[in-house]
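Asker: Turn this into a structure:
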Amino acid sequence: MLGRPVHRIAAALAFEGLELAEGTLVGVFAALSVLLVPLAEAIGERNAAAARLHADETRWNVFTAVEGKQQQVVAGGPFPASVREDHVH
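Answerer: Residues are numbered from 1 along each chain as shown. From the prediction side, this is the model:
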């Protein structure tokens, strides 16, 4: 879920009152991934057949505290994403 580690997802759910083991969450994600394969394939096929490609190379920086500095980048983008469309605006 949005790149979060399973232990953080479990902690967030526990904070909301839903206690789940990390292994249970891994099983749920595995089952969902199988169910979502046809959707992912359909999106990929549609995008591959589209007339235009829109690309986003948004840069995401991850910061950490470093003594003597305001902020320090420990990882960064770009993390490219693309969407194709086949209609003209």
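Asker: For the longest helix seen in the chain, which residues meet the burial criterion?
Answerer: For the chain, the longest helix by residue count, based on DSSP state H, is helix 22-49. Residues of helix 22-49 classed as buried by neighbour count (16 or more other Cβ atoms under 10 Å): Leu25. (C-beta placed from N, C-alpha, C; glycine too.)
Asker: And it, what does it pack against?
Answerer: helix 6-15, strand 81-85 (3 or more Cβ pairs under 8 Å, 6 or more residues apart in numbering; DSSP states H and E).
Asker: try it again with 6 Å
Answerer: The contact analysis (3 or more Cβ pairs under 6 Å, 6 or more residues apart in numbering; DSSP states H and E) places helix 22-49 against helix 6-15.
Asker: How is the protein divided into domains?
Answerer: 1-49, 51-89 (automatic domain parsing).
Asker: ranking those by mean pLDDT, which is last?
Answerer: Least confidently modelled of these is domain 51-89, at a mean of 61 by mean pLDDT.
Asker: what's the burial count for Arg4?
Answerer: Counted with other Cβ atoms under 10 Å, residues neighbouring Arg4 total 11.
Asker: three-state assignment of it?
Answerer: What DSSP: H, G, I helix; E, B strand; the rest coil gives for Arg4 is coil.
Asker: So Gly44 versus Val37, what's the distance?
Answerer: 10 Å (Cβ to Cβ, to the nearest Å).
Asker: Not counting its neighbours along the chain, what's nearest Arg4?
Answerer: Closest residue to Arg4 in three dimensions, ignoring its sequence neighbours and counting by Cβ to Cβ, 6 or more residues apart in numbering: Ala12, at 7.8 Å.
Asker: I meant Leu13, not that one.
Answerer: Leu20 (5.7 Å).
Asker: count of neighbours near the one you found?
Answerer: Leu20 - counted by other Cβ under 10 Å - has 14 other residues nearby.
Asker: Against Leu32, how distant is it?
Answerer: The value you get for Leu20 to Leu32, if Cβ to Cβ is used, is 14 Å.
Asker: Does Leu53 lie in a helix or a strand, and which?
Answerer: Taking DSSP states H and E as the criterion, Leu53 maps to strand 52-56.
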